[in-house]
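Trainee: pasting the structure only:
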Ligand SMILES: Nc1nc2c(ncn2[C@@H]2O[C@H](COP(=O)(O)OP(=O)(O)O)[C@@H](OP(=O)(O)OP(=O)(O)O)[C@H]2O)c(=O)[nH]1
Ligand SMILES: [Mn+2]
């Protein structure tokens, strides 16, 4: 088997073990791992991305933020580039939520191209999810606020990948949010 396929299997297996106890916030409690797999699949299948390190970072993108995974662990196992991309898309959970959200908008333009790709695909997945069903406990206002905030982040990522940006625009249109 080709070594990139084998590396992707190693990476998806690592992410699945790390996220094994987590569920999405939808009423069906979908396994959390569906999200990172879906983000990597958006990059490959819809964004035409072939950079293996970007696809690995997509699979791992929520491990440091949402599990006991450390940046050192990622660096040891997957190397400095993958670890750095994941770090770039990791929110500091010790900060208040409003501050975390503000920092995403502020930091987006300064991220590497690789991190920008992961951020675009992450937002596309989450917006499609929101257009498909509302997370448990979210009001319609909270959903709309997420769209408005995500549009600010995506505006800061303009010029990264036109296919993904067009698909994001479709999602915003459904909510009457202008990019
Ligand atoms: N739309 C949707 N999102 C869900 C669901 N289950 C879990 N999430 C996650 O919730 C996060 C968005 O919810 P928020 O309330 O804004 O953020 P928070 O969890 O970090 O506090 C996303 O995190 P993230 O991937 O880290 O991205 P980001 O939004 O923080 O950039 C998303 O992956 C679901 O069923 N639908
Ligand atoms: Mn995510």
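Mentor: Looks like it came in fine. Everything quoted here is computed from the prediction, not taken from an experiment. Ligands and ions are numbered 1, 2, ... in the order given.

Trainee: what about the longest helix seen in the chain, distance to the chain center?
Mentor: When the chain is parsed with DSSP state H, its longest helix is helix 113-132. If you compare the mean C-alpha spot of helix 113-132 with that of the full chain, they lie 5 Å apart, counting by Cα atoms, centre = their mean, to the nearest Å.

Trainee: and that helix, what does it pack onto?
Mentor: Taking 3 or more Cβ pairs under 8 Å, 6 or more residues apart in numbering; DSSP states H and E as contact, the helices and strands that helix 113-132 lies on are helix 34-41, helix 52-60, helix 80-88, helix 140-155, helix 162-174. Just so you know, the C-beta spots here come from the backbone N, C-alpha and C atoms, and that holds for glycine as well.

Trainee: please tell me how far residue 85 sits from residue 163.
Mentor: Distance, residue 85 to residue 163, using Cβ to Cβ, to the nearest Å: 20 Å.

Trainee: ignore the last one, residue 171
Mentor: From residue 171 over to residue 163 (counting by Cβ to Cβ), the distance is 14 Å.

Trainee: which one of these two is surrounded by more residues?
Mentor: residue 171 (21 against 13; other Cβ atoms under 10 Å).

Trainee: wait, that one touches residue 124, no?
Mentor: Yes - contact criterion Cβ atoms under 8 Å: residue 171 and residue 124 qualify, at 6.8 Å.

Trainee: re earlier: how about the helices and strands packed on helix 113-132, which one is nearest ligand 2?
Mentor: helix 34-41 (5.7 Å; Cβ to the ion).

Trainee: so that closest one, near ligand 2 or not?
Mentor: No - in terms of Cβ under 5 Å from the ion, no part of helix 34-41 sits within range of ligand 2; the closest distance is 5.7 Å.

Trainee: neighbours of residue 39, how many?
Mentor: Residue 39 has 27 neighbours, counted by other Cβ under 10 Å.

Trainee: please read the previous query as pertaining to residue 14.
Mentor: Neighbours of residue 14 using other Cβ under 10 Å come to 19.
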